[in-house]
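Q: Here is my input, please return the structure:
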Amino acid sequence: MIWEIYGYIGTVLVLGSFLIENIFRLRLVNTIGSIFWIIYGLGISAGPTIVVNSCVILIHLYWFYKHRKELIQNLK
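A: Numbering: from 1, shown residues only. Presented below is the predicted three-dimensional model:
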């Protein structure tokens with residue numbers, strides 16, 4: 001039962017992220033949701049869930065790296 005809570009939190013975060021217009025915030029919230037899904041996947045030993053969400057996180061991290069100069073400028 002406790003693992004399902006992580007899955008539901010991940011679901012809310014991932015789905016909710018698509019309502020965000022700012023692409024940086026969308027990807028950040030989606031990444032956090034994927035982390036919750038990975039925890040859920042580890043808890044129930046669901047390899048495919050772990051793999052797909054790890055890939056999603058890697059894609060987001062690549063995007064953050066690719067746009068790091070733009071992101072830093074927006075923080076100033």
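Q: CA atoms for contacts and neighbours, from now on please.
A: Fine.
Q: Find the helix or strand that the residue positioned nearest the centre of the chain is a member of.
A: Centroid check for the chain by C-alpha atoms, centre = their mean gives residue 31 as the closest residue, at 1.7 Å. Assigned by DSSP states H and E, residue 31 falls within helix 23-44.
Q: For that helix, buried residues please.
A: 26-41 (16 or more other C-alpha atoms under 10 Å).
Q: what about residue 3, which helix or strand?
A: Using DSSP H and E, residue 3 maps to helix 2-17.
Q: Which other helices and strands does that helix contact?
A: When contacts are defined as 3 or more C-alpha pairs under 8 Å, 6 or more residues apart in numbering; DSSP states H and E, helix 2-17 packs onto helix 23-44.
Q: and the angle from the helix it packs on to helix 2-17?
A: Here the directions of helix 23-44 and helix 2-17 differ by 160 degrees (axes from the mean of the first three to the mean of the last three C-alpha atoms, to 10 degrees).
Q: what angle do the helix or strand following helix 23-44 and helix 23-44 make?
A: Using DSSP H and E, the next helix or strand after helix 23-44 towards the C-terminus is helix 47-66. Counting by the same axes, to 10 degrees, helix 47-66 lies at 150 degrees to helix 23-44.
Q: so how far is helix 47-66 off the chain centroid?
A: 8 Å (C-alpha atoms, centre = their mean, to the nearest Å).
Q: what mean pLDDT does that helix have?
A: Averaging the model's pLDDT scores along helix 47-66 yields 97.
Q: how about it: buried residues?
A: Applying 16+ other C-alpha under 10 Å to helix 47-66 flags 49-50, 53-54, 56-57, 60, 64 as buried.
Q: what's in contact with it?
A: 24, 27-28, 31, 34-35, 37-38, 41-42, 71 (C-alpha atoms under 8 Å, 6 or more residues apart in numbering).
Q: do that again at 10 Å, thanks
A: Here helix 47-66 makes contact (C-alpha atoms under 10 Å, 6 or more residues apart in numbering) with 24, 26-28, 30-42, 67-68, 70-71.
Q: swap in stretch 32-43?
A: 2-17, 27-31, 44-57.
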